[in-house]
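S.K.: Give me a model of this one.
(4 chains)
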There are 2 protein chains.
Amino acid sequence: MMTETQDTQPTKRKLKPRQRDILKALVQEYISTADPVGSETVRRVGQLEVSSATIRNELATLEKDGYVYQPYTSAGRVPTVEGYRYFVEELMDEVSLPLPQRRMIGHQFHQMRLNLDQWMSLTAAILAHTARAASLVTPPHAKSAYFKHLELIGINDAICLMILVLRDGSIHQEMLGMADPIDQETLTQTSRKLNELLKNCSAKEIKESDNPELGALEGLTRQVLGRVVDIMESIDCDAITKIYRDGLENMFCEPEFRDAEKMQQLIEIQQHHSLLEPILTGILNSNGIQVIIGGEGPYEEIEHLSLVLSRYGIRDRASGVLGIMGPRRMPYGRAISTVRYVTRLMDDLISSVYGHDG
Amino acid sequence: MMTETQDTQPTKRKLKPRQRDILKALVQEYISTADPVGSETVRRVGQLEVSSATIRNELATLEKDGYVYQPYTSAGRVPTVEGYRYFVEELMDEVSLPLPQRRMIGHQFHQMRLNLDQWMSLTAAILAHTARAASLVTPPHAKSAYFKHLELIGINDAICLMILVLRDGSIHQEMLGMADPIDQETLTQTSRKLNELLKNCSAKEIKESDNPELGALEGLTRQVLGRVVDIMESIDCDAITKIYRDGLENMFCEPEFRDAEKMQQLIEIQQHHSLLEPILTGILNSNGIQVIIGGEGPYEEIEHLSLVLSRYGIRDRASGVLGIMGPRRMPYGRAISTVRYVTRLMDDLISSVYGHDG
DNA sequence: ATTGGCACTCTAGTGAGGGGACTGCCAAAT
DNA sequence: ATTTGGCAGTCCCCTCACTAGAGTGCCAAT
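M.R.: Okay, the predicted model is just below:
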């Protein structure tokens, strides 16, 4: 229903070549001007060799079929959701990102320190800047958490810092309150022991293990084990923990967000990921670039907003979502090529980091 | 110039009691309605026992002295920056946060897992929600970085994960590319060695150390050492690494941000911390709650925005900034009491974690 | 099937007019 | 000397009517 390569309803296929030309010109023009497009304008920008009257007839048909509509009687036409959808699926020119821009992005990726936080922020910044829209990036994460390494570091008598590293390289930290003062030596031994016992285990394996040593644990060790399992389980269920964002300010140039109310809706979607989360989770189980056009199907809440999203990384092993968010009236061509290029870079980076180990 | 308890210019002191009453009523009324306030309204809300004509005379004086102005001839009065400043310094009723609200906040703080990221996000959320404004929180950080612990974890043949813990409990991670494959055993030995050599050192001490062992390091160990020093030095200089934010959506209720242009300015300030950073750094070296009123002195860029900020934690050891951002026309009383209460909670939390160790 | 022509529709922009809120000032009152 | 009621004057903002302009739908001719 939203896959780039997937079929749409058969009814959408039956447009005649001239109707396609007209729709294409209309959508392109509307995307660049944000004004309803009239028959004469379509003729001009589409370089069509027919009169505006003919185009008016065709436009009436396109309107009847639900591809365009008039904001008010005798205004120009504006694409409907279906119009955008048809445009994206069938009419859009596939542009590829210009070489200089690729070079610049590649360069920025290359000289980056491999710190996850920086990496995600930078990716979001690059996406936002290149597509001139708001961007979203979620960190790579594995479908299931596997224990890799644990470290306990005493902070003071009552508190120690627990650092948990999972097989996908993700790091989870937590302060733990200790009932009794424990010295660093004991902490080190505790972590060494747990490192041995839990090596490569999943949360499920740990919980269902019949290893008597695990059952016999007590005190701090038991407490730490409990937290480790909790953290790993919380990763197993909720996929999207954090969303890196950038470029919100790009949205203000767009005339549709002049209106404060629409703006507010946009901010709320950006800030509180309850709306975005199910969408991103869906993307995590898909392939290729997905275009979600606001108001379509289950996406009524994001009326007048569109998303161009893509999964990156190695499925189930270290995979995340990246993409951009813009007005429905966004330049899909550039958006898609940007997302595609950055996805490819991320794929490379991920496989160089996570690709060839056990 | 902006300290809560500090004196302002002597000229500002010479307001007569009735003028103070008038100014107070005017600012309060303007803060709650966002409409220019007329003489009759001042009389009513200030419950003044004089006629509106008298108040008009006083208002003319206040205008001459720069506390209020008229947006246009024969409109009501609006506070100037100086008017707000005088109000905040001298006239404002000090409210304290209502008990139920304190209880709720205390409860939320209590049941929080001590994970820095969550902790900061939650604090930002609480501030935003309680003050009904946008909030800012920076993580606690030490003025100087001291080495505490290092861990190297092999990810694959070519990459290992370096985790650096500093004495203030902050964690820094980075992926390191390795020239040759190195097994986990060697990595563990490397980190053990560096842990011994660097224990409690500052970046400066490491660089200027004449310990021959440090000079003799090579290969991966030298590479790791270099990165450790880099990271520690970068902490020594730039104070503010990250800013947690929340509650941007609260700003949309305010009529002054109906205008898209002002909105854009707001978003840009929120997103790109280049403007905020010097301000926050200043707060880090101050005490008490600071009120910055937009357009005042060096803060011209944040016209029509005000900040209520406070340093929290243990100065130079583990200290950060928190506060809220709102329209200049913000309810300063509630803002200040919210910031004060949350600061106190953070102080307690910080000293329980960082307070009593070496 | 396509086209030119034409009446019609609706918006956005302009300008005039009036109500309303508030001021400043003056002369009288305290 | 201060305070007050009165009043003319100012300016905003809302409404209304009007116009120009863009674009449509339809019809009759090609």
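
S.K.: can you pull out the strands in the stretch 201-350 of chain A?
M.R.: Using DSSP state E, counting those that start in this stretch, the strands of the stretch 201-350 of chain A run over residues A:244-246, A:289-293, A:305-314, A:318-327.

S.K.: and the last one, is it in reach of chain B?
M.R.: Spelled out, that is strand A:318-327. No - remark: strand A:318-327 sits outside contact range of chain B, by Cβ under 8 Å from any Cβ of the partner chain, the gap being at least 10.5 Å. In short, each C-beta sits where N, CA and C put it, glycine included.

S.K.: got the CA positions of that strand in CSV?
M.R.: What follows is strand A:318-327, C-alpha atoms only, in CSV (Å, rounded to 0.1, in the frame of the first residue of the first chain):
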residue,chain,number,x,y,z
ALA,A,318,21.6,-3.7,13.5
SER,A,319,18.9,-1.8,11.8
GLY,A,320,17.3,1.6,12.1
VAL,A,321,15.1,4.0,10.2
LEU,A,322,16.0,7.2,8.6
GLY,A,323,14.1,9.7,6.5
ILE,A,324,12.7,13.1,6.2
MET,A,325,9.4,14.8,6.9
GLY,A,326,8.1,17.6,4.9
PRO,A,327,4.9,19.2,3.7
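
S.K.: what helices or strands is it leaning on?
M.R.: Identification of packing neighbours for strand A:318-327 by 3 or more Cβ pairs under 8 Å, 6 or more residues apart in numbering or on different chains; DSSP states H and E yields helix A:116-131, strand A:134-137, helix A:276-284, strand A:305-314, helix A:332-354.

S.K.: mind listing what's buried in the last one?
M.R.: Burial within helix A:332-354, assessed by neighbour count using 16 or more other Cβ atoms under 10 Å in any protein chain shown, is assigned to A:332-343, A:345-347, A:349-350, A:353-354.

S.K.: Ok, the third one next?
M.R.: For helix A:276-284, a neighbour-count test (16+ other Cβ under 10 Å) marks A:276-277, A:279-280, A:282-284 as buried.

S.K.: same thing with stretch A:138-148?
M.R.: Applying a neighbour-count criterion of 16+ other Cβ under 10 Å, one finds A:138-142, A:144-148 buried in stretch A:138-148.

S.K.: of these, closest to DNA strand C?
M.R.: Checking the buried residues of stretch A:138-148 against DNA strand C by Cβ to the nearest atom of the strand gives residue A:138 as the nearest, at 39.1 Å.

S.K.: Surely that closest one touches residue A:240?
M.R.: Yes - at 5.4 Å, residue A:138 and residue A:240 qualify as touching, with contact defined as Cβ atoms under 8 Å.

S.K.: sorry, back to before: can you tell me which of the strands of the stretch 201-350 of chain A is nearest to residue B:109?
M.R.: Nearest of these to residue B:109, taken as Cβ to Cβ: strand A:244-246 at 26.2 Å.

S.K.: Name every strand pairing with the closest one and say which way it goes.
M.R.: Sheet pairing of strand A:244-246 (DSSP bridges) gives strand A:134-137 (antiparallel).

S.K.: Dump the partner strand to PDB, restricted to CA.
M.R.: Extracted in PDB, the C-alpha atoms of strand A:134-137 (Å, rounded to 0.1, in the frame of the first residue of the first chain):
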ATOM      1  CA  ALA A 134      12.900  18.000   8.800                       C
ATOM      2  CA  SER A 135      14.700  14.700   9.300                       C
ATOM      3  CA  LEU A 136      14.400  11.700  11.500                       C
ATOM      4  CA  VAL A 137      16.900   9.000  12.400                       C
END
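
S.K.: Residues in contact with that strand: which ones?
M.R.: Contacts to strand A:134-137, defined as Cβ atoms under 8 Å, 6 or more residues apart in numbering or on different chains, come from residues A:120, A:123-125, A:127-128, A:243-248, A:250-251, A:270, A:276, A:280, A:307, A:309, A:320-326.

S.K.: 7 Å instead?
M.R.: For strand A:134-137, the surrounding residues in contact (Cβ atoms under 7 Å, 6 or more residues apart in numbering or on different chains) are A:120, A:123-124, A:127-128, A:243-248, A:250-251, A:270, A:320, A:322-326.

S.K.: which among these are in contact with DNA strand D?
M.R.: Of the residues in the contacts of strand A:134-137, proximity to DNA strand D by Cβ under 7 Å from any atom of the strand holds for none.

S.K.: confidence score at the residue nearest to residue A:163 when sequence neighbours are not counted?
M.R.: Nearest in space to residue A:163, with sequence neighbours left out and distances taken as Cβ to Cβ, 6 or more residues apart in numbering or on different chains, is residue A:151 at 4.4 Å. pLDDT for residue A:151: 95.

S.K.: residues touching residue A:151, list them.
M.R.: A:163, A:191, B:151.

S.K.: which non-adjacent residue is nearest the second one?
M.R.: When you say that, I think you mean residue A:191. Leaving out its chain neighbours, the residue that sits closest to residue A:191 by Cβ to Cβ, 6+ apart is residue A:152, at 4.5 Å.
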